[in-house]
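**Student:** Model the structure of this input:
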Amino acid sequence: MPGCRCQRNTGRPGVIFTVMSKKIPAYIFVFLQLSSLMYIMISGPWLAPSINGMLVEVAGLFLGVVAILTMKIGNFNIAPLPKTDGVLVTNGVYSMLRHPMYLAQLLVVAPLVFDHFTWPRLIAVIVLLIDLVVKLHFEEKQLMLKFEGYAAYMEKSWRLLPYIY
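**Tutor:** Here you go, the predicted model:
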């Protein structure tokens, strides 16, 4: 139509809906994750007072830093959607764990909750745990669609906890 500023139909019905239907849950996962983490961080101290708690926290921080450095910052995405130009990382800590950054978050906040226990903080860490488990299943479906070798990688690695899950 003359003067129409509408997008041309490319013959691929549902493409916009499909992309949006993946982004909406992805960002809900991120919102729940960040909300839980933020609540835990503002509702108590950032350092566990017990030696064991502090060691677990440090292990979590170390694992998170190693995972980010292994993945490389440009390949990192907070949403559980693979980047268009992303690459599948299966070396380093990723050779054993598919989601080391999720485990790192849990290792950092669990001692904070248990050393400074309140029911709301416990609920926040449970929400975080459930959110991360559902998020990683969602993410793995997206990664299987993007990377041919992801199914083989899944057979050789653990999701979150070595020898358990």
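
**Student:** check contacts around the residue nearest the centre of the chain.
**Tutor:** Within the chain, one residue has its C-alpha closest to the average C-alpha position: by CA atoms, centre = their mean, that is Tyr102, at 5.3 Å. Shown here is Tyr102, whose contacts under the criterion CB atoms under 8 Å, 6 or more residues apart in numbering are 132, 135-136, 160. (Each C-beta comes from the backbone N, C-alpha and C, glycine too.)

**Student:** any idea which helix or strand comes after the helix or strand bottoming out on mean pLDDT in the chain?
**Tutor:** Of all helical and strand segments in the chain, the minimum by mean pLDDT, DSSP states H and E falls on helix 15-42, at a mean of 85. Read in the C-terminal direction, the helix or strand following helix 15-42 is helix 51-71, with elements assigned using DSSP states H and E.

**Student:** Compute the inter-axis angle for the next helix or strand after that next one and helix 15-42.
**Tutor:** Helices and strands here follow DSSP H and E; after helix 51-71, the next one along the chain is helix 100-115. Here the directions of helix 100-115 and helix 15-42 differ by 30 degrees (axes from the mean of the first three to the mean of the last three CA atoms, to 10 degrees).

**Student:** and the angle from helix 100-115 to helix 51-71?
**Tutor:** An angle of 160 degrees separates the directions of helix 100-115 and helix 51-71 when computed by the same axes, to 10 degrees.
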